[in-house]
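Asks: structure, please.
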Amino acid sequence: MSNPLNSPLEVGMRVLMILVEAFPAHLDINRLVLLDHGLLHSADLNGPESLHPPIPVRVGELGVKRQHIEDGLHVMIRAGLAEMSPEDSGIEFWASESSESFLKLLESEYARALHDRAHWVVEELGAVDGARLRERMREISSHWAEEFEVMQHESGNDI
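Replies: So this is what the prediction gives:
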């Protein structure tokens, strides 16, 4: 049995919510990685309560998130819910015309929470320039070493 968490379908749905909120903007994979992290861990960016628990070393998710997002985008593109095109700055993605009406079919509490966080994260980071985006990434990743040291101390293991 496959794990539904971080499956291409789940990640694709999250990214589609971001693309719909950002429409008509086109976003590259680097921006989508940060926006997806902000969607799940919004409290890390001084936003609303995070959807996922504040587990230690959660910034490590960023290392594997890119591949998950690419896989999720491929699912959404095959379904006709997202589109992509090579641009001068690289490959960019955007929501298709049918994606917003598709997302309106999702009625669960979690889907509504995802929609709210997607709206917040696009408002907060969707249009910032590349330099500011990298600065926010550094803010997130700067906590990683501290979290790792706390985990080592709590477990009694020293490396």
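
Asks: now do the strands in the chain.
Replies: 27-28, 82-87, 90-95 (DSSP state E).

Asks: which other residues reach the shortest one?
Replies: Applying CB atoms under 8 Å, 6 or more residues apart in numbering, the external contacts of strand 27-28 come out as 18, 19, 35, 89, 90, 91, 92, 93, 94, 126. In this view, the C-beta of every residue, glycine as well, is placed from N, C-alpha and C.

Asks: give me the buried subset of these.
Replies: Burial by neighbour count, judged by 16 or more other CB atoms under 10 Å, picks out 18, 19, 35, 92, 93, 94, 126 from the contacts of strand 27-28.

Asks: what sits against the nearest residue to the last one once chain neighbours are set aside?
Replies: Closest residue in space to residue 126, ignoring its immediate chain neighbours: residue 22 at 5.0 Å, by CB to CB, 6 or more residues apart in numbering. Neighbouring residues of residue 22 by CB under 8 Å, 6+ apart: 94, 95, 122, 126.

Asks: so which of those residues comes closest to residue 54?
Replies: residue 122 (22.1 Å; CB to CB).
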